[in-house]
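1. Got a predicted structure plus its sequence, pasted below:
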Amino acid sequence: MDSSPFNNLPQDTLHQIFCHLPPHQITIAKCVCKSLYSALSSQSFLHLLRTQSHSLPLLALKPSHRHVSTHPTLHALDPTSNKWLKFSLSFIPFSGLHPITSSHGLLYLWASNPRNAPTQNSQKALVVCNPLTAQYKTLPQLGSAWSRHGSVLAGSLNVVLVITELAILYYSENGNANSNDANFNPNYLNNWLKFSSNLPSKPRSPIFVSNFIFTLCDVGSPWRSQWAMFRAKIVDMKKTIQWVRLEKQEWGDIFDILKRPRLVKAGNDRKVYMVGGLKSSYAIQSACTTILILRLDLESMEWEEAGRMPVEMYRCFMESGKFKVFGGGNRVCFSAKRVGRLALWEEKGDGKTDWRWVDGVPGSGDGLSRGFVFDARLDVVP
């Protein structure tokens, strides 16, 4: 590299060339030599990437809880090229790393003890990292019960929530919500704020949309499920979370036609997806005819059908009997036992939708892949 004509290029020219590469390829290029590492790690180059909103939307997989690797890795699908990418997590000096969600180019993981440390400690910590730059930090430790039973949501301004049926933990590096309010006296847990969740049942598939949390709850009886959608505003948090049930008479039986519905975040803050099996009747043990994707417009509060899994594709899921849903933006992924591949729904820029199979899914286990959207970026710091 030292004798390469590359060295004779002005740094601005070098930046303009490499800024057109996807983020993971820039990371690979940085490993070529010290000169490229210096040029592609400079603040001026990162500023150029930031002004171009240079990100790579990926669908990342959560590893199986039963699978413990000595070389922790994040596997992610690039839906555009239909290729699986690998990001090493070995730079994080903790054991039991389990990626769970991401936000604004940062990856959030549950972590156990530091490597080579005694294993008696039952504490867990949330680690925030950028796997493209090998930078990380840890949030204040929590008990292991939070990692087993809590759903982690991450939003802008480094806001992190851990939600369970009984309580919600809130953390923000930019100051805790309303902490200067004279009437504000929440329960402190280290540097986390703890609130009563005030939900009627265990939250199902909670999502973060702008300053709001959306979740589904079963408000039915022990004999028959009845799903309802709830919303809470983060900036209004004081001593408790104030949930509002979202319902309109025009919605009719929208929650009754889907079996085991779950929410998926859409590509903007004005839409929310709800996905589930389409029941053939209103009977308790009714069979499903396909998988349906509904879209709620949060401004007009009207539902519309966004997608319906093709019958020939659904046959594979019907034989499995159980499936998982994950995704976000304009893509939703489906996995099931014994299927061995993912079904991917994608909404194109022209409003048209497409269903296709994704092969070569990494890992092993029961075949029920779980995951989340990861927008890979080089210009964000934990």
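-> Everything's here; your move.

2. any idea of the pLDDT on residue 188?
-> At residue 188, the pLDDT value in this model is 43.

3. Begin at 53, not 1, for the rest of this chat.
-> In the new count, where the first residue is 53, that last one comes out as residue 240.

4. So for stretch 358-370, what gets flagged as buried?
-> The neighbour-count check on stretch 358-370 (16 or more other C-beta atoms under 10 Å) flags 358, 359, 360, 361, 365, 366, 368, 369, 370 as buried. No exception for glycine: its C-beta is placed from N, CA and C like everyone else's.

5. pLDDT-wise, which helix or strand of the protein ranks last?
-> Least confident helix or strand, the chain: strand 239-241 with a mean of 45, by mean pLDDT, DSSP states H and E.

6. I'd like to know which elements whatever helix or strand comes next after that strand is packed against.
-> Going down the chain from strand 239-241, the next helix or strand is strand 244-248, by DSSP states H and E. Under the contact criterion of 3 or more C-beta pairs under 8 Å, 6 or more residues apart in numbering; DSSP states H and E, strand 244-248 touches strand 219-224, strand 239-241.

7. if you set the cut-off to 10 Å instead, what comes out?
-> strand 211-215, strand 219-224, strand 239-241 (3 or more C-beta pairs under 10 Å, 6 or more residues apart in numbering; DSSP states H and E).

8. Could you dump the ones you listed into TSV with mean neighbour count added?
-> Below are the helices and strands packed on strand 244-248 laid out as TSV (neighbours: other C-beta atoms under 10 Å):
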stretch	mean neighbour count
strand 211-215	22
strand 219-224	21
strand 239-241	13
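
9. between those strands, which one is nearest to residue 284?
-> Proximity to residue 284, assessed across the helices and strands packed on strand 244-248 by C-beta to C-beta, is greatest for strand 219-224 (8.9 Å).

10. The helices and strands packed on strand 244-248 into TSV, with extra columns for distance to residue 400?
-> Shown next, in TSV, are these (distance: least, C-beta to C-beta, whole Å):
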stretch	distance to residue 400
strand 211-215	32
strand 219-224	36
strand 239-241	45
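
11. low-confidence ranges in the stretch 153-302 of the chain?
-> 167-174, 209, 226-242, 287-292 (pLDDT under 70).

12. just the helices in it please.
-> Assigned by DSSP state H, counting those that start in this stretch, the stretch 153-302 of the chain shows helices spanning 196-201.

13. could you pull out the strands for it?
-> 158-163, 175-182, 187-190, 194-195, 203-206, 211-215, 219-224, 239-241, 244-248, 256-261, 264-270, 279-285, 295-298 (DSSP state E, counting those that start in this stretch).

14. and the fifth one, which strands flank it?
-> Looking back up the chat, that one is strand 203-206. strand 211-215 (antiparallel) (DSSP bridges).

15. same thing with the shortest one?
-> Using DSSP bridges, the neighbouring strands of strand 194-195 in the sheet come out as strand 175-182 (antiparallel).

16. just the CA coordinates of the strand it pairs with, formatted as PDB?
-> Included here for strand 175-182 are C-alpha records, laid out as PDB according to Å, rounded to 0.1, in the frame of the first residue of the first chain:
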ATOM      1  CA  GLN A 175     -26.300  -9.600  37.700                       C
ATOM      2  CA  LYS A 176     -26.800  -8.700  34.100                       C
ATOM      3  CA  ALA A 177     -25.800  -5.600  32.200                       C
ATOM      4  CA  LEU A 178     -27.000  -4.000  29.000                       C
ATOM      5  CA  VAL A 179     -24.100  -3.300  26.600                       C
ATOM      6  CA  VAL A 180     -24.400  -0.700  23.800                       C
ATOM      7  CA  CYS A 181     -22.000  -1.100  20.900                       C
ATOM      8  CA  ASN A 182     -21.200  -0.300  17.300                       C
END
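
17. In space, what's closest to residue 127 - neighbours in sequence excluded?
-> Among residues not flanking residue 127 along the chain, residue 414 sits closest, at 4.3 Å (C-beta to C-beta, 6 or more residues apart in numbering).

18. do residue 244 as well
-> residue 221 (4.5 Å).

19. now residue 206
-> residue 155 (3.8 Å).

20. which ones among the buried residues of stretch 358-370 are found in helices?
-> Here DSSP state H is the test, and those give 365, 366, 368, 369, 370 as lying in helices.

21. Relative to residue 180, which of those residues is nearest.
-> residue 369 (34.4 Å).

22. got CSV for the strands of the stretch 153-302 of the chain, with distance to residue 75 too?
-> As requested, the strands of the stretch 153-302 of the chain are exported to CSV (distance: least, C-beta to C-beta, whole Å):
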stretch, distance to residue 75
strand 158-163, 13
strand 175-182, 10
strand 187-190, 14
strand 194-195, 30
strand 203-206, 19
strand 211-215, 23
strand 219-224, 26
strand 239-241, 35
strand 244-248, 31
strand 256-261, 23
strand 264-270, 29
strand 279-285, 33
strand 295-298, 37
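
23. Looking at these, which is nearest to residue 398?
-> So among the strands of the stretch 153-302 of the chain, strand 256-261 is nearest, using C-beta to C-beta, at 18.9 Å.
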